[in-house]
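# here is a sequence together with a model predicted from it:
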Amino acid sequence: MVADGVVVTLAVIVLGGNNMCIICVGIDNKTLLPWEALRNSDEMWDATPDDHKEELDEKIALLIREWMEQNPTKKVDI
Ligand SMILES: [Zn+2]
């Protein structure tokens, strides 16, 4: 999937000025559910700048924790 990789890389570059990627944008805009962010980060891991991976990981972990606090009774298969 070379084409996907190119699109992802471009998105990271365009939005990456301040250590942001399209996943962070989705998280900040609340357009991504936690497991969607998780799956996207999995797919984009190779295109994610090394110095952003830890930040992204923490951001997703926080998103999952927040979601679970807000939805304590829901069960989700991640
Ligand atoms: Zn990001």
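Happy to help now that I have it. Numbering: from 1, shown residues only.

# local confidence estimate at residue 3?
Here the pLDDT value assigned to residue 3 is 62.

# same deal with residue 30?
Predicted confidence (pLDDT) for residue 30: 93.

# what's near enough to touch residue 41?
Counting by C-beta atoms under 8 Å, 6 or more residues apart in numbering, residue 41 touches 23, 48, 56-57, 60. C-beta: built from backbone N, CA, C; applies to glycine.

# so it versus residue 47, what's the distance?
10 Å (C-beta to C-beta, to the nearest Å).

# also residue 63?
Taking C-beta to C-beta, one finds residue 63 at 20 Å from residue 47.

# of the two, which one has the most company?
residue 63 (21 against 17; other C-beta atoms under 10 Å).

# what's the closest non-adjacent residue to the more buried one?
residue 34 (4.7 Å; C-beta to C-beta, 6 or more residues apart in numbering).

# ok, the one you found touching residue 67?
Yes - shown here, residue 34 and residue 67 form a contact pair, counting by C-beta atoms under 8 Å, at 4.7 Å.
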